[in-house]
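Asker: Sharing a model that was predicted from the sequence below.
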Amino acid sequence: MQFAPAQLRWTIKRCLAFILLSVCSGIFAHAQGRFNEGPVQVTTGINLGPDPLAQFDLRQLQLDQMNRHAKENEQRRKQDKSLIDSGMVSALDLQAPNKAVVEYNRATSLMREQNSKEAIKHLQKAIQVYPKFVSAHIGLGLAYVEQEDAADARSEFETAGKLDEKFPSSFLNLGLLALSRNNFATAQPELQKAAALRPTDARILSSLVYAQNGAHEYQQALQTAQQVHALDHKRMANVHYVAASAAMSLHDYKTMQHELTLFVSEDPTNALAPSARDNLAALAHNENVGTGAAPPQATKLVASLGPQTFPNSDRLKAQLNAVGEESDGRSCERCSIPAEAKVTIADTNDNVAAPVANPLPVPTNAWTIRSDVDQVTLFFAVSSHGRMVNDLRQSDVKILDNNKPPERVEQFAPQSKLPLRLALLVDTSGSVIDRFSFEKRAATRFVEKMLTGSSDLGFIAGFSHEFAVTQDFSSDPAELARGIEKLGNRGGTALFDAVSIACRKLAAYPESDRVARVLVILSDGEDNSSQTSLKQSIQAAERTGVTIYTVSTKEEKDDKSDADKILKLLAERSGGEALFPGDMLTLSKSFDKLHDLIRSRYFVAYKPADFQPNGSYRTISVIAERDGKRLQVRARKGYNARLDPNHN
């Protein structure tokens, strides 16, 4: 075990102090013994020498000290070996000097705050001090991923892999980076390297299943999925969904049925669970009629898998700044326009079961406009002096897509004519504990008013540091009310994670026609635990065509804090609205207003003029007039066009 310079200096000083103390102790013991003998007898010319007892005590003390150091060193060696064997750190990291470690720890704190730009600076300093700092290279790669710089991220992961070929995290992150770009052929060998180093790591193996299935290695995907199932794979039920997809490709419908059954039993409220149940029903039907064929018209399967803050924390400021930087309308190759409702799960690639200690964000191109018609769908609300206008005609509305009228409007109708898909997301963290019971009662009345027909569906979820569904999709208001009552109050606040999950769950529900997807959030906006960023949660809403409405739970009516701005951004960027009741009595009125806002919206589907599938950002402007007077319109501001790799 090599000591860092600071440790070495400290050890030397400690030894010197010990020697000095030992010498002084011996002198003192000798003098003490002499004084205890009574008057000193002076004998000229005779040297009595050191006290033998004091010498014995000193040697014993030195021996005890040496044994203690030996035990401490042995314990430290065991701890280091345990860390290395667990794959948490590289053996090279243990030799990092203190200065590099300080920079690395500072960067880690910044990454937790999702301030990747500042984290990059500190990680670069750590590497400058100690170029063989493997974890710093990996951390820098993850920071580059957050900044959507795939080339530099790959370079850092590759450097880490070359420095320590026995450290699995380098290869895992290289594989995940390739998976994020649907490059299965590149991802598979990297993940196989990681799995060879950590053959019992369910997280790595789950990622490998996804890569194998994407690379059409269906039999291998099924075998790896069996390995995962034999391990503790809590929260990795999606591996069975991927295995079912592989079995379907092999026309092995018995295995497909088995894997789907495991998937639903392990994670019944998963976003893909409704599609899995549809396929199970179709398989059961075919088995009963003796065909043994694939599910007729079934949903196609796919390989898919803190502490309390303050309303003006540095973390929230960083989130707002990051969104501001992305509001310039630049192209985004990982984004896409929300599709119309009839989209199969085959297009959903954002449910990758590959959680790791420092997971890469896996982008999705799930909700793309139809490639054959390039049709845009849009919901918007219109008001006049604070009152909703719900009797407009198509001739009263003008739409501009990239500053040009649509080539043609396919459909225009009040939203009330479409089935509603409602998600109620309730903040169950400690920050809302005093008002929680009242909020649940107000939310129950709101849900009972919103779901008015058998074609309407909703689900209830709570979030603290984790996302928990207390009532899955149902058209029964009583069942949803019971789901609200089950909500408990605890933990931190992972708002951005919860928004992203809820949007994907709404979008993944199998539909046969167009629907209106709405997410209502009851929270104070003080995120302090999310792995997802504010920017990513807004993108999730845009991709899935979900309109977000937020209801603040804070006591004051002013809306000037960063937490308030978070709630406003989430709502307004998706075409919704943020409400700030300020007190419990006004909360019920806010829910009543929310009911009118949602039910009074309009739906339009159109084909944009001069559309190019190049991933560029396209603005949307909706203008509504009546009797020559301009009305207020709430709609999302734009979208990223689908990206066709073959487009020139």
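Answerer: Yep, it's here.
Asker: how about low-confidence regions in the stretch 401-550 of the chain?
Answerer: When residues are selected by pLDDT under 70, those of the stretch 401-550 of the chain lie in 430-435, 491.
Asker: what are the ranges of the helices in it?
Answerer: Assigned by DSSP state H, counting those that start in this stretch, the stretch 401-550 of the chain shows helices spanning 436-450, 477-485, 495-508, 534-544.
Asker: got a list of what Thr470 touches?
Answerer: For Thr470, the residues meeting the contact criterion (C-beta atoms under 8 Å, 6 or more residues apart in numbering) are Ile460, Ala461, Gly462, Gly483, Ile484, Lys486, Leu487. Any C-beta I mention is one placed from the backbone N, CA and C, and that applies to glycine too.
Asker: Which residue, neighbours along the chain excluded, lies closest to the fourth one?
Answerer: Translated: Gly483. Counting by C-beta to C-beta, 6 or more residues apart in numbering, the nearest residue to Gly483 once its immediate chain neighbours are dropped is Gln471, at 2.4 Å.
Asker: still on that earlier bit, looking at the helices of the stretch 401-550 of the chain, which is closest to Asn238?
Answerer: Evaluated over the helices of the stretch 401-550 of the chain, closeness to Asn238 peaks at helix 495-508, with 11.5 Å, by C-beta to C-beta.
Asker: angle of that closest one against helix 534-544?
Answerer: Counting by axes from the mean of the first three to the mean of the last three C-alpha atoms, to 10 degrees, helix 495-508 points 10 degrees away from the direction of helix 534-544.
Asker: tell me what helix 495-508 is packed against?
Answerer: Using 3 or more C-beta pairs under 8 Å, 6 or more residues apart in numbering; DSSP states H and E, the elements in contact with helix 495-508 are strand 420-427, strand 457-463, strand 467-474, strand 516-523, helix 534-544.
Asker: CA atoms only for it - export them in PDB, please.
Answerer: What follows is helix 495-508, C-alpha atoms only, in PDB (Å, rounded to 0.1, in the frame of the first residue of the first chain):
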ATOM      1  CA  LEU A 495     -39.600  15.700  -9.100                       C
ATOM      2  CA  PHE A 496     -37.800  15.600 -12.400                       C
ATOM      3  CA  ASP A 497     -37.400  11.800 -12.200                       C
ATOM      4  CA  ALA A 498     -41.100  11.400 -11.500                       C
ATOM      5  CA  VAL A 499     -42.200  13.700 -14.400                       C
ATOM      6  CA  SER A 500     -40.100  11.700 -16.800                       C
ATOM      7  CA  ILE A 501     -41.400   8.400 -15.600                       C
ATOM      8  CA  ALA A 502     -45.100   9.600 -15.600                       C
ATOM      9  CA  CYS A 503     -44.800  10.900 -19.100                       C
ATOM     10  CA  ARG A 504     -43.400   7.600 -20.400                       C
ATOM     11  CA  LYS A 505     -46.100   5.700 -18.600                       C
ATOM     12  CA  LEU A 506     -48.800   7.800 -20.100                       C
ATOM     13  CA  ALA A 507     -47.300   7.400 -23.600                       C
ATOM     14  CA  ALA A 508     -46.700   3.700 -23.400                       C
END
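Asker: Pull the number of nearby residues for Lys589.
Answerer: Counted with other C-beta atoms under 10 Å, the neighbours of Lys589 add up to 12.
Asker: so who does it touch?
Answerer: When contacts are counted by C-beta under 8 Å, 6+ apart, Lys589 is found next to Pro581.
Asker: Please repeat the previous calculation with a cut-off of 6 Å.
Answerer: For Lys589, the set of contacting residues under the criterion of C-beta atoms under 6 Å, 6 or more residues apart in numbering is empty.
Asker: for it, phi and psi?
Answerer: Torsion angles at Lys589 (phi, psi; degrees, to the nearest 10) stand at phi -70, psi -40.
Asker: Residue numbering should commence at 37 henceforth.
Answerer: From this message on, residue numbering opens at 37, which makes the last subject Lys625.
Asker: Could you tell me the per-residue confidence at it?
Answerer: Reported pLDDT at Lys625 in the predicted model: 84.
Asker: and the gap between it and Asp619?
Answerer: For Lys625, the distance to Asp619 equals 10 Å [C-beta to C-beta, to the nearest Å].
Asker: ditto for Lys161
Answerer: As it turns out, when the distance is counted by C-beta to C-beta, Lys161 lies 49 Å from Asp619.
Asker: Distance of the residue nearest to Ser205 when sequence neighbours are not counted relative to Leu308?
Answerer: Excluding its sequence neighbours, the residue lying closest to Ser205 (C-beta to C-beta, 6+ apart) is Ile174, at 5.7 Å. Using C-beta to C-beta, one obtains 30 Å as the distance from Ile174 to Leu308.
Asker: One more: Val300?
Answerer: For Val300, the distance to Leu308 equals 9 Å [C-beta to C-beta].
Asker: The two: which is more packed in?
Answerer: Neighbour count, other C-beta under 10 Å: between Val300 and Leu308, Leu308 has more, with 28 against 20.
Asker: Correct me if wrong: the more buried one contacts Ala543.
Answerer: No: in this structure Leu308 lies outside contact range of Ala543 using C-beta atoms under 6 Å: 10.7 Å.
Asker: rewinding a little: what's the helix or strand for the residue nearest to Ser205?
Answerer: Using DSSP states H and E, Ile174 sits in helix 170-182.
Asker: What residues sit buried inside the helix or strand just after that helix?
Answerer: Secondary structure here is assigned by DSSP H and E; on that basis, the next helix or strand after helix 170-182 toward the C-terminus is helix 186-199. Of all the residues in helix 186-199, those buried under the rule 16 or more other C-beta atoms under 10 Å are Ala186, Ala189, Arg190, Glu192, Phe193, Glu194, Thr195, Ala196, Gly197, Leu199.
Asker: circling back: what sits against the residue nearest to Gly519?
Answerer: Ile496, Glu515, Leu516, Gly519.
Asker: do Leu356 as well
Answerer: When contacts are counted by C-beta under 6 Å, 6+ apart, Leu356 is found next to Lys601.
Asker: give me the number of residues near the residue lying closest to Thr144 once chain neighbours are set aside?
Answerer: Computed as C-beta to C-beta, 6+ apart, the closest residue to Thr144 that is not its neighbour in sequence is Gly175, at 6.9 Å. Other residues within reach of Gly175 by the criterion other C-beta under 10 Å amount to 25.
Asker: so Gly175 touches His158, yeah?
Answerer: No: with the criterion set as C-beta under 6 Å, Gly175 and His158 do not qualify as a contacting pair; they are 9.2 Å apart.
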